[in-house]
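Peer 1: What would the 3D arrangement of this be:
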Amino acid sequence: MHVSLNEFQATAAKAAVGAGLPSGLAASVAAAAGWLAVRRLPGLQVLLAASDPAFTDGDLPAPAECRAGLWVFPDARAVVAGPSAVDLMLADPTVEVLLDRLDVPLLIVGLAGAALAGAGAHLQGIAVGFEGGGTARVSARAVLTDRAVPASARTLTLRRCTLLENEPSTGLPSQGVEIDRCVWQQAQTLAARTYVPEDPLSRARGAGAGAIDNE
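Peer 2: Numbering: from 1, shown residues only. The predicted structure is shown next:
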């Protein structure tokens with residue numbers, strides 16, 4: 001099915017909140033999902049997998065450690081460690097990051113691309129190395145890989161890289177994205193958890209137009 005980019009972004013953000021993520025992390029994950037979906041990658045599926053309660057419930061993972069310029073995130077959950085790791089990369093081009101025992105690798109690609117796009121870093125990129133071989137160069141506009149991004153990679157390395165001015169990029173759709181109907185319904189089910197009942201008590205507490213609607 002086809003949905004507009006605005007509808008996709010709004011539903012993705014609500015779904016992430018409905019899954020239990022704080023609003024700040026939900027916004028980052030939704031932006032990453034949108035960045036992936038526009039590039040014909042399964043952004044919404046990645047969001048749903050990363051926001052699964054199996055990964056978001058329970059104790060927080062161990063804190064990151066800096067080891068001689070290498071930031072190591074042990075037992076990395078993509079929704080928690082990913083935004084922090086990408087922020088480190090943008091703040092200091094000399095930093096390298098290792099995400100160990102990562103749950104959803106493709107989300108890191110989306111987080112990197114969305115962050116680069118948001119920062120306007122069009123000639124800068126983030127190189128992603130996958131456990132067992134394979135690399136991807138992520139820019140504000142595209143992800144260029146020497147093979148398909150592995151779904152099962154459990155260790156990722158990140159470092160900054162410089163892009164060429166004529167770096168190839170994929171054509172980006174401007175009128176929306178194609179989404180699997182079942183996946184969309186799953187996202188809407190999660191998003192519905194953020195809604196309040198349509199009743200007098202909700203309106204009295206400020207939901208919708210309030211208790212009096214003159215329009």
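
Peer 1: now the helices: where do they sit in this protein?
Peer 2: With DSSP state H as the definition, the chain shows helices at residue ranges 5-18, 23-38, 43-50, 53-56, 78-91, 105-119, 181-191, 200-204.

Peer 1: What average pLDDT does the shortest one get?
Peer 2: Think helix 53-56. The pLDDT scores in helix 53-56 average 55.

Peer 1: do the third one as well
Peer 2: Model confidence over helix 43-50, given as mean pLDDT, is 91.

Peer 1: Comparing the helices of the chain, which yields the minimum mean pLDDT?
Peer 2: helix 53-56 (a mean of 55).

Peer 1: circling back to that earlier point, can you say which of the helices of the chain is nearest to residue 155?
Peer 2: helix 105-119 (9.1 Å; C-beta to C-beta). Placement of C-beta: from N, CA and C, glycine included.

Peer 1: which other helices and strands contact that closest one?
Peer 2: With contacts defined as 3 or more C-beta pairs under 8 Å, 6 or more residues apart in numbering; DSSP states H and E, the packing partners of helix 105-119 are helix 23-38, helix 43-50, helix 78-91, strand 124-130, strand 135-138, strand 155-162.

Peer 1: need the contact list for the nearest residue to residue 158 once chain neighbours are set aside.
Peer 2: Leaving aside its chain neighbours, residue 158 sits nearest to residue 97 (4.2 Å; criterion: C-beta to C-beta, 6 or more residues apart in numbering). Residue 97 makes contacts with 70, 71, 72, 73, 85, 88, 89, 157, 158, 159, as judged by C-beta atoms under 8 Å, 6 or more residues apart in numbering.

Peer 1: filter these to the buried ones?
Peer 2: The neighbour count (16 or more other C-beta atoms under 10 Å) marks 71, 73, 85, 88, 89, 157, 158, 159 as buried among the contacts of residue 97.

Peer 1: any idea how far residue 89 is from the second one?
Peer 2: Plainly put, residue 73 is 12 Å away from residue 89 if you go by C-beta to C-beta, to the nearest Å.

Peer 1: ok, now the last one?
Peer 2: Applying C-beta to C-beta, the value for residue 159 to residue 89 is 8 Å.

Peer 1: Surely residue 126 and residue 162 touch.
Peer 2: No - between residue 126 and residue 162 there is no contact under C-beta atoms under 8 Å: 11.0 Å.

Peer 1: Look at these two and report which has more neighbours.
Peer 2: A side-by-side neighbour count of residue 126 and residue 162, using other C-beta atoms under 10 Å, places residue 126 first with 26 against 10.

Peer 1: bridging residues for that one?
Peer 2: residue 138, residue 160 (DSSP bridges).

Peer 1: what sits against residue 149?
Peer 2: Contacts of residue 149 by C-beta under 8 Å, 6+ apart are 41, 105, 106, 109, 130, 134, 136, 143.

Peer 1: Which residues are in contact with the first one?
Peer 2: Translated: residue 41. 106, 109, 110, 143, 149.

Peer 1: between those, which has the most around it?
Peer 2: For those, the largest number of neighbours (other C-beta under 10 Å) sits with residue 110, at 33 neighbours.

Peer 1: For that residue, which non-adjacent residue is closest in space?
Peer 2: residue 32 (3.2 Å).
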